[in-house]
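1. After the sequence you'll find the predicted model.
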Amino acid sequence: MTRSRAALLIALGIDNFGTGLFLPLVLLYVTREIGLPLGVAGMAITGGGLVAFAVPPVAGHLVDWIGPRWVVITAFLVQATGVSLYLVADGVVTVVAVAMIVAVGQQLFYCALYVLVADVAGNVPKERPFALVAMVRTAAFGAGAFAAAFVPSGYRVALVGDVVTFLVAAGVVVALVDAPHKVAWFEKVPANVSKNRPYLALILFCGLFSLSLDFFLVGMPVFVLDQLHGPSWLPGAILAVFTLSFSMSGTLALRHTRRFTRIGAMRLGSGLFAAWSALSFVAIFVPLDGLPLYLLTVTLVLAAGELVFGPRGGALAEAAAPPMARGRYLAAYQYAFTFSSVLAPAVAGLFSLAVWVPWVLVATCACLAVAGLGWLGPRLPENAVTPIQG
């Protein structure tokens, strides 16, 4: 592993450790330290975050023009600024403003991250580099969230720790990460993202897949506690099983599914998500004393689906993009995850209609992804869909 690759993994681990420290506590910070009511706090943070929808087109051009390295560095600094401003926020208006700054930084980061990873990795298939990044970031986030439970001096210590990790991560990238990038100031891009229908379809089908994962994060606690009346510790244990499985098995999953094409692996992952939805719904028939073991086991199906799909989806999106427009294309690809994260709370709210409604919707979306990806495969560049080697 080169110095730049190792340094980038270290920087991303430092960054996500800090995110794990503070992100799970941000709503509690706004309610308990700033004093906003819970409903108002949630609306303020969500409202500020809506600005994220405007960022990808701008971020994509920046990545293509100045390179992903400087966009990632800028994203770290913007997020550090935004999180630090929570210290002086004193009402709804300032919380919305701070949430907007943080959301801009987050979107800048995600729009540039995988172009930077691809540049640092060089001319190799991107599944393994993307899987390593996901493993490191997931493990670091879990470590940060675990450490937050032992912070003795309250939420402000976690907040300051998050700011420091952003700054340290930016410093590591500045000093140690070298990412050769051909700047696209004047080159004519082969096709605009909005005119590339197969790529737009890829974004759509990845969004249908991603909805399952976002629903898992926000809907599973509601399902376990409100619908099944399970023990209060179970949602945290389910998330821990998912995090541990994902952070330890990324490259192993790649090796065991290397005979699949990228599209084939993504269809398998989507099918596993559909199976997870069906198996989770069946939990309503499981006796309460057997519920924890059942749901913890079912979570492994979800983790397997993400392990198979995640790196292949990113690698396919990168390979299918015109080389001189990767920034714009991968920034557009982020909309798959932005929209699913916005829709997931609304899907979880459908539990108020009936316990089966969200599960049927999520499973249907996953099945549509399976079918849609099968249709899409022949319409993407052949070299982007070819079997994964090594």
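-> That came through fine.

2. going forward, measure contacts and count neighbours with C-alpha atoms only.
-> OK.

3. So which bits of stretch 156-171 are buried?
-> Under the neighbour-count criterion of 16 or more other Cα atoms under 10 Å, stretch 156-171 has 156, 158-171 buried.

4. same check, this time on stretch 142-149
-> Within stretch 142-149, the residues scored as buried using 16+ other Cα under 10 Å are 142-145, 148.

5. contacting residues around that stretch?
-> Residues outside stretch 142-149 that contact it (Cα atoms under 8 Å, 6 or more residues apart in numbering): 16-22, 24, 158, 240, 243.

6. Of those, keep whichever come out buried.
-> Buried among these (16+ other Cα under 10 Å): 16-22, 158, 240, 243.

7. can you list the weak-confidence ranges in the protein?
-> The chain contains residues with pLDDT under 70 at 1, 152-153, 181-191, 387-390.

8. Can you pull the domain assignment for it?
-> Using automatic domain parsing, the domain parsing of the chain gives 3-176, 193-385.

9. Quick one: end-to-end distance for the last one.
-> The one in question is domain 193-385. Terminal residues of domain 193-385 lie 19 Å apart, using Cα to Cα, to the nearest Å.

10. Can you name the residues that contact C111?
-> 56, 59-60, 327, 330-332, 334.

11. That one looks like it's in a helix, true?
-> Yes: the assignment for C111 by DSSP: H, G, I helix; E, B strand; the rest coil puts it in a helix.

12. And it, how close does it get to G327?
-> Noted for C111: a distance of 7 Å to G327, by Cα to Cα.

13. got any residues that touch both of the two?
-> With Cα under 8 Å, 6+ apart as the test, C111 and G327 both reach 59-60.

14. buried stuff in stretch 69-89?
-> 69-86, 89.

15. what do you get for stretch 100-115?
-> Across stretch 100-115, burial judged by 16+ other Cα under 10 Å covers 100-115.

16. Repeat that for stretch 166-186.
-> So stretch 166-186, judged by 16+ other Cα under 10 Å, has buried residues 166-173, 177-179, 181, 184.

17. can you list contacts of that stretch?
-> Stretch 166-186 has contacts (Cα under 8 Å, 6+ apart) with 3-5, 7-8, 10-12, 14-15, 18, 64-69, 72-74, 76-77, 79-80, 116, 119-120, 324-325.

18. Convert stretch 242-255 to CSV, retaining C-alpha atoms only.
-> These are the backbone C-alpha positions of stretch 242-255, laid out as CSV (Å, rounded to 0.1, in the frame of the first residue of the first chain):
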residue,chain,number,x,y,z
PHE,A,242,-24.5,-4.6,11.3
THR,A,243,-21.6,-2.3,12.0
LEU,A,244,-19.3,-5.1,13.1
SER,A,245,-20.2,-7.3,10.2
PHE,A,246,-19.7,-4.6,7.7
SER,A,247,-16.4,-3.3,9.1
MET,A,248,-14.8,-6.7,9.2
SER,A,249,-16.0,-8.5,6.1
GLY,A,250,-15.8,-6.1,3.1
THR,A,251,-12.8,-7.6,1.3
LEU,A,252,-13.9,-11.1,2.3
ALA,A,253,-17.3,-10.5,0.6
LEU,A,254,-15.5,-9.3,-2.6
ARG,A,255,-13.4,-12.4,-2.8
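
19. Lovely, talk soon.
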